[in-house]
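K.L.:
Predicted coordinates and the sequence they were generated for:
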Amino acid sequence: MDIRFAASGSGDVVAVMAGEGGELLPAAKALDTAASGRIQKAMQATRFTGGAGQVVDILAPESLDFARVLVIGVGKLDVANGLSVERWGGAAVKRVAASGAEKLVLQPDNLPGVSKADAGAHAALGARLAAYRFDAYKTKQKPEQQVSLKSVEIVMEGPASARARAEQDQAAADGVFFARDLVSEPGNVLFPESFAERLRDLETMDVDIEILEPATMEKLGMGALLGVAQGSVHPARLVVMSWKGARSKQARPLALVGKGVTFDTGGISIKPSGGMEDMKGDMGGAAAVAGAMRAIAQRKAKANVVGVVALVENMPGANAQRPGDIVHTMSGQTIEVLNTDAEGRLILADALWYVQDKFNPVAVIDLATLTGAIITALGHEHAGLFSNDEDLSQAIIGAGQIEGEPVWRLPLGPGYDKQIDTPNADMKNISGKPAGGSIVAAQFLKRFIKDGTPWAHLDIAGTAWKPGPYEDPLSPTWATGYGVRLLNRLIANRYEE
Ligand code: BES
Ligand code: MN
Ligand code: ZN
């Protein structure tokens, strides 16, 4: 979809803003005046209060240059922010995308907390995100289901001021779409080798790609990662994506690590069949890392960042790992695998060690659809955050808040850590208790973090995808792309020169 900025313009549909209490913002007021008060009248006739996301949808009076007018609420003006404007633009696109309209005009206004330029850019980003579809496998959509919208024009004073920001935002959106596509792809299409091949595409954006195959991983001693992969006909891959945007290519990078289980059956500790299809998304952490790498490369971020994704398929089979197996990790520590369904922590153990060993990063952030327990705790609203570093935690919480990808910090502590002790090896991969599962999993990962390395773990099992209906206009499909915007913002705020 084509998105442009202009000082004036016409189209099939125009969308304008109102605040809570039904107050029309300037562009809406001007339109209402041109329409001799018809818009106000329609608002009163429909109990419209200007609440966030509320819509009045009317046929335009003859005096206007449009066929249809949308008045969309942004909520209370004193608390409205950039995200409010994104949701406003997104709501307009959602409303008209398959309505037959081809051109939408958005007329954003500045708000108490959002400048005019920022409002224009946020409106564009909201429109872009709301237009996302995953319909590659739909071969026969009915005409009325097909997207009719071809272009969105942001009509505002000083359009040039919004353009520069919008270009940066487009990089973020393209990263989000890259992640959503990967999460949505089914397991028969996306498996370790094909995932790794897709990441090769990032080479065109000057991201260095290195793909490690099992023979190399074996030499490195990655027994935990290889143990998970051994039940599948698809061999494991570990992909290293390097972006060197800092002045010194030698400067220590930020490291991002992603869980990339392309399908998680549970292995021999097999999962129940109901809902198992969702486990095609068990590579949401790897997708978020890949999407963030894409975003920072596209906008040429002035930072060194290395992204590592551990790609495996967790299958039962004649050669699958058994409960009770003991594996050697690259760190030298041994793990007793008591449940083959607690596989994410196993592959991360080796990926985390590898990235610290090889790159000496300034900090390590891992993202993983790690535990069902995080959904019990936080639902689909917040990701769980676990960290050994106060400042890094605050920075992640702040980035998530700005970008609409909120996180909630949960504790770590020795009482959780000792639950993975076992007489048979250095640790076991489950506690065996039904409580505190997300924290125990985080404690497990922490055993693979070297002393002095700032580290954060984001458990995104509840946020990488979500159950329908998909009401948030900024995230219109099952896969959310969660984490890309957060990481991109964190890098911009904290790691760029
Ligand atoms: N991929 C799952 C976690 C998950 C569950 C993600 C539901 C998204 C939705 C993970 O590999 C897993 O199976 N975890 C187990 C751990 C348990 C065996 C200790 C879980 O959460 O049940
Ligand atoms: Mn599992
Ligand atoms: Zn899993």
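P.N.:
That came in fine, so what should we check first? Ligands and ions are numbered 1, 2, ... in the order given.

K.L.:
Excluding covalently adjacent residues, which one is nearest to the closest residue to ligand 2 within the stretch 51-200 of the chain?
P.N.:
Nearest residue of the stretch 51-200 of the chain to ligand 2: residue 187, at 13.6 Å (CB to the ion). To be clear about C-beta, it is placed using only N, CA and C from the backbone, and glycine gets the same treatment. Nearest residue to residue 187 in three dimensions, chain neighbours excluded: residue 263, at 3.5 Å (CB to CB, 6 or more residues apart in numbering).

K.L.:
Quick check: pLDDT value at residue 426.
P.N.:
On the pLDDT scale, residue 426 is placed at 99.

K.L.:
residue contacts, it?
P.N.:
By CB atoms under 8 Å, 6 or more residues apart in numbering, residue 426 lies in contact with 333, 334, 335.

K.L.:
now check the helix or strand hosting residue 173, is it near ligand 1?
P.N.:
Secondary structure assignment for residue 173, by DSSP states H and E: helix 159-184. No - judged by CB under 6 Å from any ligand atom, helix 159-184 stays clear of ligand 1, getting no closer than 11.3 Å.

K.L.:
mind checking how far that helix is from the chain centre?
P.N.:
Computed by CA atoms, centre = their mean, to the nearest Å, the separation of helix 159-184 from the middle of its chain amounts to 12 Å.

K.L.:
Buried ones in that helix, by neighbour count?
P.N.:
159, 161-163, 165-166, 168-184 (16 or more other CB atoms under 10 Å).

K.L.:
Please apply the same query to stretch 300-308.
P.N.:
Residues 301, 303, 304, 305, 306, 307, 308 are the ones in stretch 300-308 that count as buried (16+ other CB under 10 Å).

K.L.:
In three-state terms, label residue 240 for me.
P.N.:
With DSSP: H, G, I helix; E, B strand; the rest coil as the basis, residue 240 sits in strand.

K.L.:
now for the helix holding residue 173, which elements pack on it?
P.N.:
strand 2-6, helix 116-130, helix 284-298, helix 484-490 (3 or more CB pairs under 8 Å, 6 or more residues apart in numbering; DSSP states H and E).

K.L.:
Any chance of JSON lines for the contacts of residue 426, columns distance to residue 114, pLDDT and secondary structure?
P.N.:
Listed next are the contacts of residue 426 as JSON lines, based on distance: CB to CB, whole Å; pLDDT from 0 to 100; DSSP: H, G, I helix; E, B strand; the rest coil:
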{"residue": "333", "distance to residue 114": "50", "pLDDT": "99", "secondary structure": "coil"}
{"residue": "334", "distance to residue 114": "54", "pLDDT": "99", "secondary structure": "strand"}
{"residue": "335", "distance to residue 114": "50", "pLDDT": "99", "secondary structure": "strand"}
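
K.L.:
Now render the residues you listed as CSV, adding neighbour count.
P.N.:
Below are the contacts of residue 426 laid out as CSV (neighbours: other CB atoms under 10 Å):
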residue, neighbour count
333, 16
334, 16
335, 28
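
K.L.:
Flag every residue of the stretch 301-450 of the chain that's near ligand 3.
P.N.:
residue 344 (CB under 5 Å from the ion).

K.L.:
Would you mind listing what in the stretch 301-450 of the chain touches ligand 1?
P.N.:
Contact residues (CB under 6 Å from any ligand atom) of the stretch 301-450 of the chain with ligand 1: 339, 341, 342, 343, 344, 369, 370, 371, 372, 373, 430, 437.

K.L.:
By neighbour count, which of the residues you listed wins?
P.N.:
residue 369 (33 neighbours; other CB atoms under 10 Å).

K.L.:
what about that residue, distance to residue 286?
P.N.:
Distance, residue 369 to residue 286, by CB to CB, to the nearest Å: 10 Å.

K.L.:
what residues do the two have in common as contacts?
P.N.:
Each of residue 259 lies in contact with both residue 369 and residue 286 under the rule CB under 8 Å, 6+ apart.

K.L.:
how does this structure divide into domains?
P.N.:
Here the domain assignment for the chain is 2-157, 172-495, based on automatic domain parsing.

K.L.:
Check whether residue 232 really touches residue 318, as I assumed.
P.N.:
No - using CB atoms under 8 Å, residue 232 makes no contact with residue 318, being 11.4 Å away.

K.L.:
Looking at the two now, which is surrounded by more residues?
P.N.:
Higher neighbour count among residue 232 and residue 318: residue 232, with 22 against 5, using other CB under 10 Å.

K.L.:
Who are the packing partners of whichever strand or helix holds residue 262?
P.N.:
Using DSSP H and E, residue 262 maps to strand 254-264. Secondary-structure packing of strand 254-264 (3+ CB pairs under 8 Å, 6+ apart): helix 192-200, helix 284-298, strand 304-314, helix 344-359, strand 363-368.

K.L.:
Kindly export stretch 264-281 (C-alpha atoms) in CSV.
P.N.:
What follows is stretch 264-281, C-alpha atoms only, in CSV (Å, rounded to 0.1, in the frame of the first residue of the first chain):
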residue,chain,number,x,y,z
ASP,A,264,7.3,-27.8,18.9
THR,A,265,5.5,-31.2,19.2
GLY,A,266,7.0,-31.6,22.7
GLY,A,267,9.1,-34.5,21.4
ILE,A,268,8.8,-37.8,23.3
SER,A,269,7.1,-35.8,26.1
ILE,A,270,4.5,-35.1,23.4
LYS,A,271,1.9,-32.3,23.8
PRO,A,272,-1.8,-32.9,23.7
SER,A,273,-3.2,-32.5,20.2
GLY,A,274,-5.7,-29.7,20.9
GLY,A,275,-4.2,-26.4,19.8
MET,A,276,-0.9,-27.9,18.9
GLU,A,277,-1.0,-26.1,15.5
ASP,A,278,0.0,-22.9,17.4
MET,A,279,3.4,-24.4,17.9
LYS,A,280,4.3,-23.4,14.4
GLY,A,281,4.9,-20.0,16.1
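
K.L.:
Which residues of this structure lie near ligand 2?
P.N.:
So the chain meets ligand 2 at 264, 341, 343 (CB under 5 Å from the ion).

K.L.:
Look up how far residue 128 lies from the second one.
P.N.:
Spelled out, it's residue 341. Between residue 341 and residue 128 the computed distance is 37 Å (CB to CB).
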